[in-house]
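> dropping a prediction and its sequence here:
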Amino acid sequence: MSSTTLVIGGTGKTGRKVVQQLRALGEPVRIGSRRNSPPFDWENPATWPAALAGIDRLYVSFQPDLAVPGAAKAISDLTYLAVAGGVRKVVLLSGKGEQEAERCERIVADSGIPYTILRASWFSQNFSESFLMEPILSGTVALPKPEAPIPYVDTGDIAEVAVQSLLDDRHDGRIYELTGPRQLTFPEVVEEIAAATRRYIRYVPVPLEEYVEGLRNHDLPPDYVWLIGYLFGEVLGKPGNEDVSGDIERVLGRPARDFSDYVRETADSGIWNRVPSSS
Ligand SMILES: NC(=O)c1ccc[n+]([C@@H]2O[C@H](COP(=O)([O-])OP(=O)(O)OC[C@H]3O[C@@H](n4cnc5c(N)ncnc54)[C@H](OP(=O)(O)O)[C@@H]3O)[C@@H](O)[C@H]2O)c1
């Protein structure tokens, strides 16, 4: 009997790789995205039933983050539809050290559907596919918390763990902490990327309040500004959040991908040597 997986966030940093890996295994996949047909839009719950129709497994990458106000209601409503529709497995992507996200994790865990929770550390790919790409291109990376160590995790590893969790019921009921094999601070990250790209890139420490104020002045959505303030202020640098976990190796039977491998591959692609777009 064939089982279809809905990958919510299936065009994003982890979801795209989950889709690729499932398809490579011959598993039927539906992409959960505002651009798909049927579309899936977190902002429009009327789109959810059609996206979930006929779905057996669910990978959930929420937007913008399970810690934001409103996330618990959305996860609760989605889970209700998943139960009603007979979904047999949910894999929820969460954030390591994000206490605010645990409410959403509990909703999924208490739903009665077999589940696996993936608490991921910061993605390495934030420096090439997200808000940290622009500063790298500009040559100045101005961020708070220069001393905070982060065990960056590769989105390919997260996707592999997600696929195993979706397909193998030995992962049911488990909460995995997904990190890379070592910690790096922002100055260390910038040094590695500068060396690999042979560019001059400098790290400039800024006070958290100044950084958040800067985001506000860029007219970014208030939810997004709150989230960045929360991640830098409450999550980053809190004791325990920087711990390296062996869960990727335990699940995949091989070490987690090192940040240097990500840097080498991304530098070779040439994207860090492009001229920054003027903003
Ligand atoms: N980035 C990190 O370091 C990190 C670390 C730990 C956990 N996480 C968690 O991972 C999740 C996603 O990570 P990310 O922020 O890095 O982004 P991402 O995976 O790159 O997400 C972008 C995806 O979200 C979809 N999306 C955006 N707005 C949407 C909406 N209104 N309705 C439906 N889909 C929407 C996009 O689809 P379309 O544009 O195609 O609709 C795209 O597939 C978040 O829950 C985050 O908390 C991230």
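Alright, I've got the coordinates. Residues are numbered from 1 along each chain as shown.
> so residue 260 is in which element?
Following DSSP states H and E, one finds residue 260 within helix 259-269.
> ok, and for that helix, which residues are buried?
Neighbour-count burial for helix 259-269, counted by 16 or more other CB atoms under 10 Å, picks out 259, 262-263, 266-267. No exception for glycine: its C-beta is placed from N, CA and C like everyone else's.
> mind putting those residues into TSV with pLDDT and distance to the ligand?
What follows is these, written out as TSV (pLDDT from 0 to 100; distance: CB to the nearest ligand atom, whole Å):
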residue	pLDDT	distance to the ligand
259	98	13
262	98	13
263	98	16
266	98	15
267	98	20
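> as a markdown table, those with distance to residue 123 would be great.
What follows is these, written out as a markdown table (distance: CB to CB, whole Å):
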| residue | distance to residue 123 |
| --- | --- |
| 259 | 11 |
| 262 | 9 |
| 263 | 13 |
| 266 | 12 |
| 267 | 17 |
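> go through those residues and name the one nearest residue 184.
Using CB to CB, residue 259 is the member of the buried residues of helix 259-269 that sits closest to residue 184, with 5.8 Å.
> next, the closest residue to the closest one other than its chain neighbours: phi, psi?
In space, and not counting its chain neighbours, residue 259 is closest to residue 152: 5.0 Å by CB to CB, 6 or more residues apart in numbering. Dihedral angles of residue 152 (phi, psi; degrees, to the nearest 10) stand at phi -50, psi 140.
> also the one 10 residues further on?
Backbone dihedrals for residue 162, given as degrees, to the nearest 10, come out at phi -60, psi -40.
> can you check residue 169 too?
Main-chain dihedrals, residue 169, degrees, to the nearest 10: phi -70, psi 0.
> what do you get for the one 5 residues further on?
Summarising the backbone geometry of residue 174 under the convention degrees, to the nearest 10, its torsions are phi -100, psi 150.
> just residue 176 next, same as before
Residue 176 adopts backbone torsions of phi -110, psi 140, taken as degrees, to the nearest 10.
> same check, this time on residue 123
Per-residue torsions, residue 123: phi -80, psi 140 (degrees, to the nearest 10).
> was I right about it contacting residue 130?
Yes. Under the criterion of CB atoms under 8 Å, residue 123 makes contact with residue 130 at 7.4 Å.
> point out the residues in this structure that sit beside the ligand.
Residues of the chain found near the ligand (CB under 6 Å from any ligand atom) are 9-15, 33-35, 40-43, 61-66, 93, 95, 120, 122-123, 126, 130.
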